[in-house]
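Novice: got a sequence here, can you model it:
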Amino acid sequence: ESPQLPVDLHIVFSDILQEAGHITDILPYFLKHTREIFPHLECIEELKKICDLSAPPEWYPNARERENKRRLIFHAGPTNSGKTYRALERFITSESGVYCGPLKLLSVEVFNKTNDKGTPCDLVTGEERKTVLPENKEANHVACTIEMVSADKKYEVAVIDEIQMIKDQGRGWAWTRALLGIDADEIHICGEEAAIDLVRDIANSCGEELEIRRYERLTPLTLENRALMDLNNIQPGDCIVCFNKNDIFNVSLELDKKGFECAVIYGGLPPGTKLAQAKKFNDPNHPCKILVATDAIGMGLNLSIRRIIFYSLMKPVINEKGEKEIDTISISQALQIGGRAGRFNTQFSEGYVTTYRAEDLDTLTKLMSKENQVLEKAGLHPTADQIEEFAYHLPQATLSNIIDIFNSLCVINSSSYFMCDTEGFKALADMIQGIPLPLRARYVFCCAPINRRQLYVCTMFQKFSRQYSQNDPLTIEKLCRTIGWPFSSPQNISDLVHQEAVFDVLDLYLWLSYRFPDLFPDDSPVRDIQKELDELIQQGVFNITHLLQASSRNDAGEDSESHYPYRRNASSESNALDTTEFESGFREKSLGKGRLTKELLDKGLITPEMLQTLQEEWIEETQSSPFSSPTNRRKFSKVHTRRSKKKDF
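Specialist: Presented below is the predicted three-dimensional model:
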C-alpha cells in the first residue's frame, strides 16, 4: 500500500480538487521533498567553493612561496635517446633529490643504481619502504613511485619521469601534483616532445620558465616492409608483443611446438618474475632467444631486443567516459613499444619493427610515421580533505554519491586540466558501502591499487575492509588461513593465474600496512611469503609451456574437439581479448549460476548488485570476443558448461 499523505498536504490537494486552491500551492511541499532527495541543494554554494579546481597551482604553497623560482628543465626525446640518463646524472650528483617514476620496477632500478654509485638513496613505493642508512635514518635521496612523492619536503633536484602520462585517465593527477607541488630548486622532466606545450603552459601559470633539451635516438630504428606471417620466421632477439594474456599463452605454446624456447612477460606477473624472465632473455649464453610479452615491456625493464613484432594492433582501452573499448593502439604506444627494439651498448645496436599479420603493416607504418599528438590537458583528482569537507555538508550521502556530486559541481580550467576517471574509485566505494568505516579510512581503502576485475582480489579487499571495521588486526596467521598458504608449484595455468591473484592480495596487505599499521601489522612476514610466492610463480612461468600442455590435456579429456579455453591459433584473426575472459572462464564457474555463486552471496562476499555487474561485463566481453559468432558461441558454451562441473581449483 502507498503511504498516507500528510494531513496538511491532503488538505492542499483537496482544496485544489474543490477549486478552492491553486496548483502552485504544492510548490513549497515539492521544494521540501526536493531538498530531502538532493540534500546538496541546501548548501550548494559552500560545496561549489570546496570543489573549485580552477587554480591548481595555489594548492601547493611550498612550491609557490619559494624565495627563488623553481628551474624547470624538460628532457625531450624518444625511447632509447638517453634523456632519463642525463637527468639521473644530475640527480645522483646533487646534495638531495627525489626521483618520481611511473612503475615500482623503475624506482627500484634507480634506487639500486644510485646506491651502487655511492649516493645513499631510499626507496618509497605504495607497498614498500627501504632505508639504507643506519638506524633507519632518512637519506637525502629517495626513489619513489610518483603517487608517493612528498610536496612538503625540500630537495635540490627532482626528476619526473614519463611526463606524457600526465594525460592518463586514471593516474594523470599524480604527474600534475608532482609537476605543480614538488619543492625543488631544479625539476628535470623527462618524456615525449608532445608534452612540451602543456608543461610550458603549466609552468607559465606558476610564473616559472621552462628550459628544453632535445635528444635524438642513440640507435637506428627500421620499420621492415614485410610482416612476419609465420612463427617459423622468428629470429634470435625477436619480441612478439601481444595485448592480452590469451595470445601470450597461445603464441608461447606454438613456439614451443616449433622448438623455440621463449621468455614470457606480462603485467600480472610479480616484479621478481619479470626481472627473472628479462635476465633469461638478455643472457647471451642462455638458449632462450625469443620474448613474448604484453605492452608491459614499454617501460621499466632493460631488454636486449633486436626486433619488435606486433602480434596485433588492437588493444582494450578506457575512453574519456571511463568505458572499455577495443581500439587500435595510439601513436604514442606504437612509438613507445616499437622503440624498445635496438638498445645502446647491447648486442643489438640497431632495432627493427614489424607486424605478425600482413594486413596490419600499413597501419603500423602510418602510426610510426606520425608525430605524437600534442598533449592538451593534465589530470586532476579530488583530495581526501575535499571529500571530507563534502561529507560534512552531506552526512547521509554515500562516498560514491559524494564523488558524483563533486564531479557535477566542480569547476575546472578546461583549457589545461581534466578530471581523471573516478569510476574505479566509485566501484571500490560501492563494494564496501555496507561496511561501517570512518570516511577517511573509506577513502583510503578506495584508493587501493587493485584490479577490480579480479573477483578473488575484490573479495579479499572486502574482507580486509571488514577486518578493519571490526578493529581486529589481520595477523600473518589469519592471513595464511584466508589465502590457503602454503602453496605448491603451479601444475596448470589455473594454478598460475590464482597464485598471481594471491600475490596481488599480498601487495594489497602491504599497501594497507603502511597506512593502517596497527591493523595490518605483519608486513615483514608477508613480504617473506611474497618472496616465496614469487619464486613459485617464476617456476610456473619458466615452465609455462608445460602448464599450457597440462591444461590442454585436461580439456581434451573433457571434449575431444576442444583444446585450450579461448584458444586462438597463431595465424587466426581476431580482436584483442581482455584477460578477465581467460581468468574467469578457467577459474570460476558460470556467473550467476551454480553452487559457487550461492556460496559467495550467502557469505556476503559479493552483493547481488556486484553479481549483476559481473554478468553484464561477462556478456559484453563474450560478445566482443572471437567466440561471438553463433557457431563458436555454441562450442564455447558446451566446453564451458562441462568445465564448470569440475572441481574448482
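Novice: please count neighbours and contacts with C-alpha atoms only from this point.
Specialist: Fine.
Novice: and L228, that one's in a strand?
Specialist: No: assignment of L228 by DSSP: H, G, I helix; E, B strand; the rest coil gives coil, placing it outside any strand.
Novice: now it, nearest residue through space, not along the chain?
Specialist: Nearest residue to L228 in three dimensions, chain neighbours excluded: Y356, at 4.8 Å (Cα to Cα, 6 or more residues apart in numbering).
Novice: for that neighbour, what are its contacts?
Specialist: By Cα atoms under 8 Å, 6 or more residues apart in numbering, the contact list for Y356 reads 227-230, 309-312.
Novice: turn those into a markdown table, including pLDDT.
Specialist: Output for the contacts of Y356, formatted as a markdown table (pLDDT from 0 to 100):
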| residue | pLDDT |
| --- | --- |
| A227 | 96 |
| L228 | 96 |
| M229 | 94 |
| D230 | 94 |
| I309 | 97 |
| F310 | 97 |
| Y311 | 96 |
| S312 | 94 |
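Novice: out of those, which two sit at the greatest distance?
Specialist: Taking Cα to Cα, the two most distant members of those are D230 and S312; they sit 13.6 Å apart.
Novice: these two: which is more packed in?
Specialist: Neighbours per residue, other Cα atoms under 10 Å: of D230 and S312, the larger number sits with S312, 23 against 11.
Novice: can you pull out the low-pLDDT segments for the stretch 351-500 of the chain?
Specialist: The stretch 351-500 of the chain contains no residues with pLDDT under 70.
Novice: hey, where'd the strands end up in it?
Specialist: For the stretch 351-500 of the chain, the strands defined by DSSP state E, counting those that start in this stretch occupy 351-355, 378-380, 411-412, 417-419.
Novice: can you put those in a markdown table and add distance to V241 and mean neighbour count?
Specialist: As requested, the strands of the stretch 351-500 of the chain are arranged in a markdown table below (distance: least, Cα to Cα, whole Å; neighbours: other Cα atoms under 10 Å):
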| stretch | distance to V241 | mean neighbour count |
| --- | --- | --- |
| strand 351-355 | 9 | 25 |
| strand 378-380 | 29 | 25 |
| strand 411-412 | 38 | 17 |
| strand 417-419 | 31 | 22 |
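Novice: TSV for these, including distance to R481?
Specialist: Below are the strands of the stretch 351-500 of the chain laid out as TSV (distance: least, Cα to Cα, whole Å):
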stretch	distance to R481
strand 351-355	47
strand 378-380	40
strand 411-412	48
strand 417-419	41
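Novice: looking at those strands, which is closest to S14?
Specialist: The minimum distance between S14 and those falls on strand 411-412, with 44.9 Å, by Cα to Cα.
Novice: what is the closest one packed up against?
Specialist: If you count contacts as 3 or more Cα pairs under 8 Å, 6 or more residues apart in numbering; DSSP states H and E, strand 411-412 packs onto strand 52-53.
Novice: show me the contact partners of the strand it packs on.
Specialist: Applying Cα under 8 Å, 6+ apart, the external contacts of strand 52-53 come out as 410-413.
Novice: if we can go back for a sec, closest to L103 out of the contacts of Y356?
Specialist: Taking Cα to Cα as the measure, L103 lies nearest F310 of the contacts of Y356, at 23.0 Å.
Novice: if I read this right, A263 contacts K280, doesn't it?
Specialist: Yes: in terms of Cα atoms under 8 Å, A263 counts as a neighbour of K280; the distance is 6.9 Å.
Novice: quick one: which of these two has more around it?
Specialist: The residue with more neighbours, out of A263 and K280, is A263; 24 against 21, by other Cα under 10 Å.
Novice: which element is the more buried one on?
Specialist: Element membership of A263, judged by DSSP states H and E, is strand 262-265.
Novice: now do that strand: which elements does it pack against?
Specialist: If contacts are counted by 3+ Cα pairs under 8 Å, 6+ apart, strand 262-265 sits against helix 245-257, helix 271-282, strand 290-293.
Novice: can you do 7 Å?
Specialist: With contacts taken as 3 or more Cα pairs under 7 Å, 6 or more residues apart in numbering; DSSP states H and E, strand 262-265 sits against helix 271-282, strand 290-293.
Novice: go through these and name the closest to P438.
Specialist: Shortest distance between P438 and the helices and strands packed on strand 262-265, using Cα to Cα, is found for helix 271-282: 33.3 Å.
Novice: burial count for K377?
Specialist: By other Cα under 10 Å, 23 other residues sit near K377.
Novice: no no, P236
Specialist: Neighbours of P236 under the rule other Cα under 10 Å: 15.
Novice: tell me if I'm right that it and K289 touch.
Specialist: Yes: between P236 and K289 a contact is recorded at 4.8 Å, counting by Cα atoms under 7 Å.
Novice: mind putting the contacts of strand 52-53 into JSON lines with distance to L5?
Specialist: As requested, the contacts of strand 52-53 are exported to JSON lines (distance: Cα to Cα, whole Å):
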{"residue": "C410", "distance to L5": "37"}
{"residue": "V411", "distance to L5": "40"}
{"residue": "I412", "distance to L5": "43"}
{"residue": "N413", "distance to L5": "47"}
